[in-house]
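In: this one's structure only:
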Ligand code: GLU
């Protein structure tokens, strides 16, 4: 079977040098092993994603010389598939409706910290969800949902970990030559009870990325180092659903002139801005350290 790679941008802003690095690296690694390259539009956030940004993604990638297979999978057209997976998690009681507001979360943490000890933070530095509503009775949950209380579906991390056979790990390719691999221990517990779906959108980044990587038969996930630790949660979900795990390669991040991570609002590193300033695709490849293609 031919290896399958994917580049999976979100159309909630313009592409920058970091995206160019990911897309070009996916293309180069796919070509090197006779693999396929798919493009996936991750547009579950229907309020922030726009058709204009999506069109711009196609334009910028074509200009860069990236070629992908069609049809392109757009996540917003597959909510029913994510819903089915969410229903499996609900059926197995691995998720619960989490009703605590930001204020309630903050108050619970202040109270816990007043009793001693620092409340645990996730790898991004955000406090873990206290989950005081994890054990609410079925009737009380129903009552609150029917009353219209806002909630999100959160993974019951302890229950989910009990479901999978240890050790949980992923294969990280140690270089883009793809032959040197390391097994990395997955530590989903570091993220606590993560959000799996929202009330109005039956999915989240984590659920749909796992669903699509499996449904599209992705064998190699090549993306930025900023998603390295999120892989732990993705491995856990893959295991729960019985999905095969792809191999991962998390490439170094392209940083701005100030050494900071790029964001979609940084004009000086946007692909379109650079194009307008006369930078060529070869120039972009040089800027992201991939100029020997
Ligand atoms: N859609 C994500 C982003 O634009 C990337 C997801 C992934 O590669 O797993 O940051």
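Out: Structure's in. What do you need? Everything numeric here is computed off the predicted structure, so don't read it as measured data.

In: show me what contacts residue 151?
Out: Listed by Cβ atoms under 8 Å, 6 or more residues apart in numbering, the contact set of residue 151 reads 97-99, 144-145, 199. C-beta: built from backbone N, CA, C; applies to glycine.

In: helices and strands around the helix or strand where residue 283 lies, which ones?
Out: Assigned by DSSP states H and E, residue 283 belongs to helix 281-287. Counting contacts by 3 or more Cβ pairs under 8 Å, 6 or more residues apart in numbering; DSSP states H and E, helix 281-287 packs against helix 17-32, helix 51-64, helix 271-276.

In: TSV please, covering these and showing distance to residue 193, mean pLDDT and mean neighbour count.
Out: Converted to TSV, those look like this (distance: least, Cβ to Cβ, whole Å; pLDDT from 0 to 100; neighbours: other Cβ atoms under 10 Å):
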stretch	distance to residue 193	mean pLDDT	mean neighbour count
helix 17-32	29	96	22
helix 51-64	31	98	16
helix 271-276	37	95	17
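
In: burial measure for residue 232, as a count.
Out: By other Cβ atoms under 10 Å, 21 other residues sit near residue 232.

In: now the one 3 residues further on
Out: The local packing of residue 235 (other Cβ under 10 Å) involves 23 other residues.

In: average pLDDT across the helix or strand harbouring it?
Out: Residue 235 is part of helix 231-241, with elements assigned from DSSP H and E. The pLDDT scores in helix 231-241 average 98.

In: any residue of whichever helix or strand comes after it touching the ligand?
Out: Next helix or strand after helix 231-241 toward the C-terminus (DSSP H and E): strand 247-251. No: judged by Cβ under 6 Å from any ligand atom, strand 247-251 stays clear of the ligand, getting no closer than 9.4 Å.

In: run through who's touching strand 247-251.
Out: 21-22, 25, 29, 170-173, 176, 178, 181, 219-225, 227-228, 231.
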